[in-house]
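*Asks:* quick check, what structure comes out for this input:
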Amino acid sequence: QVQLVESGGRLVQAGGSLRLSCAASGLTLRHNVMGWFRQAPGKEREFVAGVSWSAGSTRYADSVNGRFTISRDNAKSTAYLQMDSLNPEDTAVYYCAADNGRYRGYVPSVQVAYDYWGQGTQVSVSS
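*Replies:* Residues are numbered from 1 along each chain as shown. Now for the predicted structure:
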């Protein structure tokens, strides 16, 4: 059974930084694309960032490009999202997701491309 568990979310002041982690179990992260999505209150879930299985390709939403950095450690079956220069608009529940290995070098931004999801971790940014 595949399980993704996010951690690292908390309350932070605007301008601060956080690093989210996504630990995978029941799944050896080698050929899976990893992605981060977020859902703010009253809004739809949106793509934030994704990384290919080799970490050779990354993709970011325009709203976070230049502030967030996605990375992965396949040996630890863990993906990370470093978030800098946070602002209140980044407040949301952040979800980790993985595909089943079919995309390899391509990083999709649509939810339907991802097969496994975590339960989410709350990130709150105060002004």
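*Asks:* alpha carbons only: can I get the helix or strand hosting W36 in PDB?
*Replies:* In the assignment (DSSP states H and E), W36 maps to strand 34-39. Output of strand 34-39 as PDB, limited to C-alpha atoms (Å, rounded to 0.1, in the frame of the first residue of the first chain):
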ATOM      1  CA  MET A  34       6.700  14.000  -7.600                       C
ATOM      2  CA  GLY A  35       4.400  17.000  -7.300                       C
ATOM      3  CA  TRP A  36       3.200  19.500  -4.800                       C
ATOM      4  CA  PHE A  37      -0.300  21.000  -4.900                       C
ATOM      5  CA  ARG A  38      -2.100  23.400  -2.600                       C
ATOM      6  CA  GLN A  39      -5.700  24.300  -1.800                       C
END
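*Asks:* show me which residues of it are buried.
*Replies:* For strand 34-39, burial by neighbour count (16 or more other C-beta atoms under 10 Å) applies to 34-38. Every C-beta, even on glycine, is put in place using the N, C-alpha and C of the backbone.
*Asks:* how about the residues you listed in CSV, adding distance to G118?
*Replies:* Listed next are those as CSV, based on distance: C-beta to C-beta, whole Å:
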residue, distance to G118
M34, 11
G35, 11
W36, 10
F37, 10
R38, 12
